[in-house]
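J.: Mind folding the following:
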Amino acid sequence: HAIYIYGIGTSAAIVNDFQYRIMQLGYTAFCYTDVVSMKISTMNIRKGDVAVGISHSGRTIATIEALRLARENGAQTACITSYPGSQITREADYPIEIFCDEVQYPMEAISARIGHISVIDAITTALSAKHYESTLKRSQITHTLINTIRY
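T.: From the prediction side, this is the model:
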């Protein structure tokens, strides 16, 4: 089974980070941050796969369409958004809705990014705890691999 993670714009960095963290835990994970690849990737989705869409506004059409296509191909779908009841939540079997107090920040989506990163931290921590022994072993291997990188 594979995990497909979708998002564009300000969500792209979070999508990339989520894919990296999931991959470190031993899951097959792909991230897509451009509209064409998002749609094309859904042709590879099979029953049992998972698709996650990340959209601060919950209105990003490309991410919503990717989730819809993923669901049509048999994937379980989830989303992370800052707007409860937004359009993306209707395409998600498991919507994760975050409250973000944008009034406290000078730029829109700053607190949303913090909230979304906190969610992916919680998900990866839960998955790590679920498979603690293999996660510990993979973490040790990761440190060894990183220590062998030469710049």
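
J.: Where is the longest helix in the protein?
T.: helix 110-130 (DSSP state H).

J.: continuing past that helix, what's the next helix or strand?
T.: Of the helices and strands lying after helix 110-130 in sequence (DSSP states H and E), the nearest is helix 132-147.

J.: Buried residues, that next one. List them.
T.: Buried positions in helix 132-147, judged by neighbour count with 16 or more other CB atoms under 10 Å: 135, 138. For every residue, glycine as well, the C-beta is placed using N, CA and C.

J.: ok, now stretch 52-67?
T.: In stretch 52-67, counting by 16+ other CB under 10 Å, buried: 52-58, 60, 62-67.

J.: outside of that stretch, which residues touch it?
T.: 3-11, 14-15, 18, 32, 35, 38-39, 41-42, 51, 77-83, 86-89, 91-92, 100, 108-109, 112-113, 116 (CB atoms under 8 Å, 6 or more residues apart in numbering).

J.: on that earlier part again, can I get the buried residues of stretch 52-67 in TSV with distance to Ile141?
T.: Shown next, in TSV, are the buried residues of stretch 52-67 (distance: CB to CB, whole Å):
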residue	distance to Ile141
Val52	25
Gly53	31
Ile54	28
Ser55	34
His56	34
Ser57	38
Gly58	38
Thr60	36
Ala62	35
Thr63	33
Ile64	37
Glu65	37
Ala66	32
Leu67	33
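
J.: so where does Ile80 fall, helix or strand?
T.: Going by DSSP H and E, Ile80 is part of strand 76-81.

J.: That strand - contacts with which helices or strands?
T.: strand 50-55, helix 61-72, strand 94-97, helix 110-130 (3 or more CB pairs under 8 Å, 6 or more residues apart in numbering; DSSP states H and E).

J.: Great, nothing more from me.
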